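Peer 1: heads up, no residue letters with this:
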């Protein structure tokens, strides 16, 4: 009798770099260690912060006798998905008024990216090979998500290391030279990992070229409100593209802006040109979702639904968002001041205050990043990306001092 399968042909995969970084940080006993790797908000004492409005809604749900544990519909909690669509598109969105927005509750932003990619893989009218253009750099998980559904990722120029800013010319050039009807994944705001966003004038030109070339835009919106502290301001690009009639979908996450990382609350919104197309798309998204998760989890969706649909709770949430965004903006200012005025660190550090959102691309090299981790116990990714949320009034001086040393080659 032949032996049972021994799986000898399965190669050992490398650990996820971010989660490995966090594990190494946790096991480090150095008292001044700093974790600038993980994309999760921390308060000024480096503690996870449960938003006050979330605590309040938790109590409401716990004491509501009508709350049960029944299945949600396949496409999610309807009052949640409708409110989530209004949040990103605007309550007066022409697409919502014309009933041509398809909204499906997903397993946070990752699930939205997967379902959106799977839908395009099955139903988009590809003119050639199935390909998606991702910004260089982008959230590393984008590559695996698209490859898993048979779409090959290509990259378009986005970040310019010389200016530590946007390679606008390269981005526009890529849109112009790509085959018509190509799919471009674009970060809606607070680009991860660079923190570099186009200006409104640049967004307008990007939309012009997208329309001219008939491209399809795959928006990833993980940081609405978290970038500037203003929900409407951070949704500007998405709403502008919808008004212009750009064919698109949006992946939405409430992990960052509601601090609900582990509850996995997300949504996919597809915006076709007609109500009839919307009905057909929703029917197929329902089939795809059913085969994978049957139906999405209820708790986080109920929580967010209450916040979005109750005017008083919504105002409280906006205050909490301003608290988080405000602290990160303050850290940017303090780090910039320390580098430019106290330490007089060589080079221009204005990108620290010009970039937006949770992350900042420092512009330091891989060797310098590794030196900070190995010699100063400052944990960051090797591309020089830091999570601004990991900085606080207790550690920003230590970080700035060691960043200055590594730039001068003295660490």
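Peer 2: In hand now; what should we look at? Just so it is clear, the model here is predicted, and its values are computed rather than measured.
Peer 1: Now do the top helix by length along the chain, average pLDDT.
Peer 2: In the chain, with assignment by DSSP state H, the single longest helix is helix 311-337. What helix 311-337 shows for mean pLDDT is 97.
Peer 1: just stretch 274-284 next, same as before
Peer 2: Across stretch 274-284, pLDDT averages out at 98.
Peer 1: again with stretch 356-368
Peer 2: Mean predicted confidence for stretch 356-368 is 93.
Peer 1: low-scoring stretches of the stretch 101-250 of the chain, by residue?
Peer 2: Regions of the stretch 101-250 of the chain meeting the criterion pLDDT under 70 are absent.
Peer 1: Could you pull out the strands in it for me?
Peer 2: 102-107, 131-136, 152-157, 159-160, 165-166, 183-187, 216-221, 248-253 (DSSP state E, counting those that start in this stretch).
Peer 1: how is this structure carved up into domains?
Peer 2: 17-50+326-408, 71-309 (the TED database).
Peer 1: how about the ones you listed in a markdown table, adding mean neighbour count and distance to residue 58?
Peer 2: All C-beta spots, glycine's among them, are computed from the backbone N, C-alpha and C. A markdown table is the format used below for the domains of the chain (neighbours: other CB atoms under 10 Å; distance: least, CB to CB, whole Å):
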| stretch | mean neighbour count | distance to residue 58 |
| --- | --- | --- |
| domain 17-50+326-408 | 18 | 8 |
| domain 71-309 | 19 | 7 |
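Peer 1: out of those domains, nearest to residue 59?
Peer 2: Closest of the domains of the chain to residue 59 is domain 71-309, at 10.9 Å (criterion: CB to CB).
Peer 1: Give me the distance between the two termini of the closest one.
Peer 2: One end of domain 71-309 sits 21 Å from the other (CA to CA, to the nearest Å).
Peer 1: got the contact list for the closest residue to residue 326 other than its chain neighbours?
Peer 2: Computed as CB to CB, 6 or more residues apart in numbering, the closest residue to residue 326 that is not its neighbour in sequence is residue 229, at 6.0 Å. Contact partners of residue 229, counting by CB atoms under 8 Å, 6 or more residues apart in numbering, are 321-322, 324-326, 329.
Peer 1: run the last query once more with 7 Å
Peer 2: Residue 229 is in contact with 321-322, 325-326, counting by CB atoms under 7 Å, 6 or more residues apart in numbering.
Peer 1: My read is that residue 81 contacts residue 101, right?
Peer 2: No - between residue 81 and residue 101 there is no contact under CB atoms under 7 Å: 9.4 Å.
Peer 1: that older thread, run through the neighbouring helices and strands of the helix or strand just after the longest helix of the chain.
Peer 2: The helix or strand immediately downstream of helix 311-337 is helix 351-354, counting by DSSP states H and E. Judged by 3 or more CB pairs under 7 Å, 6 or more residues apart in numbering; DSSP states H and E, the packing partners of helix 351-354 are helix 311-337.
Peer 1: Which neighbouring elements make contact with the helix it packs on?
Peer 2: helix 52-62, helix 299-309, helix 351-354, helix 396-407.
Peer 1: Residue 33: which of those is closest?
Peer 2: helix 396-407 (9.7 Å).
Peer 1: That closest one - what's its average pLDDT?
Peer 2: Rounded mean pLDDT across helix 396-407 is 97.
Peer 1: So which residues lie in contact with it, not counting its own?
Peer 2: 32, 34, 331, 334-335, 338-339, 343, 345-347, 364, 368, 371-372, 376, 378, 391, 411.
Peer 1: So what does residue 43 look like in phi/psi?
Peer 2: phi -80, psi -170 (degrees, to the nearest 10).
Peer 1: need the contact list for it.
Peer 2: residue 49.
Peer 1: before we move on, what about residue 48?
Peer 2: By CB under 7 Å, 6+ apart, the neighbours of residue 48 are 40, 42.
Peer 1: just checking, it is part of a helix?
Peer 2: No - Residue 48: not assigned to a helix; according to DSSP: H, G, I helix; E, B strand; the rest coil it is coil.
Peer 1: how close does residue 388 get to residue 110?
Peer 2: 22 Å (CB to CB, to the nearest Å).
Peer 1: can you check residue 408 too?
Peer 2: Applying CB to CB to residue 408 and residue 110 gives a distance of 39 Å.
Peer 1: hang on, the earlier thing: and of the domains of the chain, who's closest to residue 10?
Peer 2: Nearest to residue 10, of the domains of the chain and by CB to CB, is domain 71-309 at 17.0 Å.
Peer 1: So what's the gap between that closest one and the chain middle?
Peer 2: The chain centroid and the centroid of domain 71-309 are separated by 10 Å under CA atoms, centre = their mean, to the nearest Å.
Peer 1: From here on, call the first residue 52.
Peer 2: Okay, using 52 as the starting number, the last item reads as domain 122-360.
Peer 1: Okay, helices next: where are they in the stretch 152-301 of the chain?
Peer 2: Using DSSP state H, counting those that start in this stretch, the helices of the stretch 152-301 of the chain run over 159-174, 192-199, 219-228, 251-264, 282-285, 287-294.
Peer 1: What residues does residue 254 make contact with?
Peer 2: Contacts of residue 254 by CB under 7 Å, 6+ apart are 288, 291.
Peer 1: how about a cut-off of 8 Å?
Peer 2: 287-288, 291-292.
Peer 1: before we move on, back to that, dump the strands of the stretch 152-301 of the chain to CSV, plus distance to residue 367.
Peer 2: Putting the strands of the stretch 152-301 of the chain into CSV (distance: least, CB to CB, whole Å) gives the following:
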stretch, distance to residue 367
strand 153-158, 23
strand 182-187, 34
strand 203-208, 39
strand 210-211, 36
strand 216-217, 34
strand 234-238, 27
strand 267-272, 22
strand 299-304, 20
